[in-house]
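Enquirer: Let's see this in three dimensions:
(one chain, ligands or ions: 2)
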Amino acid sequence: MQETNNSRVNQRIATISAHLNPPSFSHMEGSSGLGRADCRAKGGSTGFKVAILGAAGGIGQPLSLLMKMNPLVSVLHLYDVVNTPGVTADISHMDTGAVVRGFLGQQQLEEALTGMDLVIIPAGVPRKPGMTRDDLFNINAGIVKTLCEGIAKCCPNAIVNLISNPVNSTVPIAAEVFKKAGTFDPNRLLGVTMLDAVRANTFVAEVMGLDPREVDVPVIGGHAGVTILPLLSQVKPPCSFTQKEIDYLTNRIQNGGTEVVEAGAGSATLSMAYAAVQFADACLRGLRGDADIVRCAFVASHVTELPFFASKVRLGRCGVEEIYPLGPLNEYERVGLEKAKKELETSIGKGVAFVKK
Ligand SMILES: NC(=O)c1ccc[n+]([C@@H]2O[C@H](COP(=O)([O-])OP(=O)(O)OC[C@H]3O[C@@H](n4cnc5c(N)ncnc54)[C@H](O)[C@@H]3O)[C@@H](O)[C@H]2O)c1
Ligand SMILES: O=C(O)C[C@H](O)C(=O)O
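Expert: Ligands and ions are numbered 1, 2, ... in the order given. Below is the predicted model:
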């Protein structure tokens, strides 16, 4: 009888071990002497599986922390080419539901991606003062290409939230990689422009004396300089701005990233992690089937003649379920749109050419 019980226990341990102990490093094996196989770990039961690529970086770390706190996440995979053991060990001690696993280096990329519902990518180098986002292209294009090849192979149906700059080019790169692999679904690839909306809400609220949580500014176009186009004529609640306020707000929203870079501690990481989590949470709620989840994102689009454009999209069980038209623009915004489209065309073309070359 005792033997039967023991063998049943051993069997259960083996099953749990196979589930929890992929052949990557194990953050739960520590000074207690208990391995993962000895722990009665719960988790992974309900919720979504999310991977963060670039999880040990300036954005990656606070983003990992905040995603570990998200009740919609059951499994959280943290991947980077450096430092994931430490970040994973640290975050895995948080008493929230998601099971955290770390993956280090390219040999563990496929394992990190297998079975994921959502992949968030903040991997790549950030700007230094004096640089444009396009100056990051040479390094980040290759990083994004490699990571997307992994996604095409291991989780082709995952929703992808792409943060790495220059977003106006990295999203077209990702699309071309997926097309080459035969897995491209335009509804599942989203360039994250949420930080522009977060900044716009904050700056408009400051000027108008409102609570930023009650302000909603659509920001369309792309994610660099003049391609970031806030539609101040469509702000909710409706606001009437002087021309001076419009110039000030448009300029500040378009240069919010540069404002942080020039302040000297790297490019935005904390506000970006906040924005990325807001956006990822919206994607997960869409996947869950919640209604009326609308955010701005840089996606494959027909709202202009360009193949990609940021505008309001409705998120659902398949990713982007509807792309909204831009709505009525005033003359100031129409001029801004033409400038944005000109620069976007070049950046999109550069991304496409990188994969096609
Ligand atoms: N979309 C946006 O609104 C937005 C906002 C802020 C920053 N960004 C961009 O996000 C990126 C990351 O910024 P950061 O401040 O976190 O930089 P960071 O240097 O602090 O972190 C980047 C991380 O990526 C990792 N990495 C590098 N190559 C990798 C690879 N091949 N696979 C996996 N991981 C890899 C690095 O090891 C590092 O941990 C930059 O390109 C930055 O411009 C975008
Ligand atoms: O400005 C940067 O380089 C980072 C990011 O794109 C931002 O808008 O903060």
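Enquirer: For the chain, which segments count as strands?
Expert: For the chain, strands defined by DSSP state E occupy the ranges 48-53, 73-80, 99-104, 118-121, 159-162, 189-191, 219-221, 228-230, 293-300, 308-316, 319-323.
Enquirer: could you redo those strands as TSV and give each row distance to ligand 2?
Expert: Just so you know, the C-beta spots here come from the backbone N, C-alpha and C atoms, and that holds for glycine as well. TSV is the format used below for the strands of the chain (distance: least, Cβ to the nearest ligand atom, whole Å):
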stretch	distance to ligand 2
strand 48-53	17
strand 73-80	18
strand 99-104	25
strand 118-121	14
strand 159-162	12
strand 189-191	11
strand 219-221	11
strand 228-230	8
strand 293-300	12
strand 308-316	13
strand 319-323	21
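Enquirer: can the ones you listed go into JSON lines with extra columns for distance to Thr269 and mean neighbour count?
Expert: Shown next, in JSON lines, are the strands of the chain (distance: least, Cβ to Cβ, whole Å; neighbours: other Cβ atoms under 10 Å):
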{"stretch": "strand 48-53", "distance to Thr269": "13", "mean neighbour count": "28"}
{"stretch": "strand 73-80", "distance to Thr269": "14", "mean neighbour count": "26"}
{"stretch": "strand 99-104", "distance to Thr269": "20", "mean neighbour count": "24"}
{"stretch": "strand 118-121", "distance to Thr269": "14", "mean neighbour count": "26"}
{"stretch": "strand 159-162", "distance to Thr269": "16", "mean neighbour count": "26"}
{"stretch": "strand 189-191", "distance to Thr269": "18", "mean neighbour count": "28"}
{"stretch": "strand 219-221", "distance to Thr269": "20", "mean neighbour count": "29"}
{"stretch": "strand 228-230", "distance to Thr269": "19", "mean neighbour count": "26"}
{"stretch": "strand 293-300", "distance to Thr269": "20", "mean neighbour count": "22"}
{"stretch": "strand 308-316", "distance to Thr269": "21", "mean neighbour count": "24"}
{"stretch": "strand 319-323", "distance to Thr269": "26", "mean neighbour count": "18"}
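Enquirer: domain ranges for the protein?
Expert: 45-192, 193-356 (the TED database).
Enquirer: Most tightly packed of the ones you listed?
Expert: Scoring those by mean neighbour count under mean count of other Cβ atoms under 10 Å gives domain 45-192 as the most buried, with a mean of 21.
Enquirer: now that one: how far from the chain's centre is it?
Expert: Here domain 45-192 shows a centroid-to-chain-centroid distance of 7 Å under the convention Cα atoms, centre = their mean, to the nearest Å.
Enquirer: Thought Pro71 was touching Leu284, still the case?
Expert: No: using Cβ atoms under 8 Å as the test, Leu284 is too far from Pro71 to be in contact (9.7 Å).
Enquirer: now the strands of the chain in TSV, with mean pLDDT?
Expert: TSV is the format used below for the strands of the chain (pLDDT from 0 to 100):
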stretch	mean pLDDT
strand 48-53	98
strand 73-80	98
strand 99-104	98
strand 118-121	98
strand 159-162	98
strand 189-191	98
strand 219-221	98
strand 228-230	98
strand 293-300	98
strand 308-316	98
strand 319-323	98
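Enquirer: how about the top helix by length along the chain, does it reach ligand 1?
Expert: Ranked by number of residues, the top helix in the chain under DSSP state H is helix 331-356. No: against ligand 1, helix 331-356 shows no contacts by Cβ under 6 Å from any ligand atom, the least distance being 13.3 Å.
Enquirer: Surely Leu63 and Ala275 touch.
Expert: No: taking contacts as Cβ under 8 Å, Leu63 lies outside contact range of Ala275: 9.6 Å.
Enquirer: could you list every residue that touches whichever residue of the chain sits closest to ligand 1?
Expert: For the chain and ligand 1, the shortest gap (Cβ to the nearest ligand atom) falls at Gly57, measuring 2.0 Å. Contacts here follow Cβ atoms under 8 Å, 6 or more residues apart in numbering; on that basis Gly57 touches 80, 122-123, 269.
Enquirer: With respect to Ile246, which of the residues you listed is nearest?
Expert: Ranked by distance to Ile246 (Cβ to Cβ), the contacts of Gly57 are led by Thr269 at 29.4 Å.
Enquirer: What's the end-to-end length of stretch 222-237?
Expert: Terminal residues of stretch 222-237 lie 24 Å apart, using Cα to Cα, to the nearest Å.
Enquirer: Close to ligand 2: what parts of the stretch 1-150 of the chain are there?
Expert: Contact residues, the stretch 1-150 of the chain versus ligand 2 (Cβ under 6 Å from any ligand atom): 126-127, 133.
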